[in-house]
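Student: Quick one, fold the following:
(2 chains)
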Amino acid sequence: DTEVTQTPKHLVMGMTNKKSLKCEQHMGHRAMYWYKQKAKKPPELMFVYSYEKLSINESVPSRFSPECPNSSLLNLHLHALQPEDSALYLCASSQDRGRDNTEAFFGQGTRLTVV
Amino acid sequence: GEDVEQSLFLSVREGDSSVINCTYTDSSSTYLYWYKQEPGAGLQLLTYIFSNMDMKQDQRLTVLLNKKDKHLSLRIADTQTGDSAIYFCAEQTGGYQKVTFGIGTKLQVIP
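Tutor: Below you'll find the model as predicted:
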């Protein structure tokens, strides 16, 4: 199983809503990532979790709140988003061997629209 | 610093070879990747090369790395219409799990 599964595939939410994006992998990877990709742009890193602890936060606004409840799951909690937060949110995972990290596998993404 | 550059667009005829180029700036990069993204889809890892390698071949794909010039290329032999997509070059910086992407090259394959 070399899959990273993201749910939902599509999400439309209002600016006052609270929603969560979910990501799951069963490859035994200990590093998990959230990326944001706007239309016609490359993915941009948001957060990295390593062994269920937040290791990188790329100055992401607090309306995005990541959570890693266990080594297979990664959530992104959304609250009070703005229309400009509409994007494709990609989850990825990789084995975490520090400097000798291996390739990152990406999920298919959640396409988020904030109205 | 981290900066990955690619050309925006490449058009080739079906059956020809495609070569997508990329330059990066971080000399401490450990892995360099090529990802494919089809419209509305996530990222598919095509291949990667470790920074101490010059070349890697995987079926129709050939990756060349010139570490001195910080230049990476992806050659697709016998390009097919199903290869039409955006191809992202990405670098992983040493000591971090961070992967930085280029802007992506849109490959158009003409039948």
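
Student: rest of the way, CA atoms for contacts and neighbours
Tutor: Noted.

Student: Nearest residue to residue B:18 in space, please, no chain neighbours.
Tutor: Distances taken as C-alpha to C-alpha, 6 or more residues apart in numbering or on different chains place residue B:76 nearest to residue B:18, at 5.1 Å, with adjacent residues excluded.

Student: Can you give me every residue that contacts the residue of chain B found nearest chain A?
Tutor: For chain B and chain A, the shortest gap (C-alpha to the nearest C-alpha) falls at residue B:42, measuring 3.8 Å. Taking C-alpha atoms under 8 Å, 6 or more residues apart in numbering or on different chains, we find residue B:42 in contact with A:90, A:106-109.

Student: where does the chain dip in pLDDT?
Tutor: This is for chain A. A:1-2, A:96-102 (pLDDT under 70).

Student: try chain B instead
Tutor: B:1-2, B:94-97.

Student: What ranges does it have for its helices?
Tutor: Taking DSSP state H as the criterion, chain B contains no helices.

Student: Can you pull the residues of it lying near chain A?
Tutor: On the criterion C-alpha under 8 Å from any C-alpha of the partner chain, chain A has as its neighbours in chain B the residues B:30-31, B:33, B:41-45, B:48, B:88, B:94-104.

Student: Now do the contacts for the residue in chain A that chain B sits nearest to.
Tutor: Among the residues of chain A, residue A:108 lies closest to chain B, at 3.8 Å counting by C-alpha to the nearest C-alpha. When contacts are counted by C-alpha under 8 Å, 6+ apart, residue A:108 touches A:4-6, A:9, A:90, B:41-43.

Student: on that earlier part again, for residue B:34, see how far away the residue of chain B closest to chain A is.
Tutor: Residue B:42 sits 13 Å away from residue B:34 when distances are taken as C-alpha to C-alpha, to the nearest Å.

Student: Counting neighbours, what do you get for the nearest residue to residue B:6 once chain neighbours are set aside?
Tutor: Distances taken as C-alpha to C-alpha, 6+ apart put residue B:22 closest to residue B:6, at 4.7 Å, once the chain neighbours are dropped. For residue B:22, the count of nearby residues is 22 (other C-alpha atoms under 10 Å in any protein chain shown).
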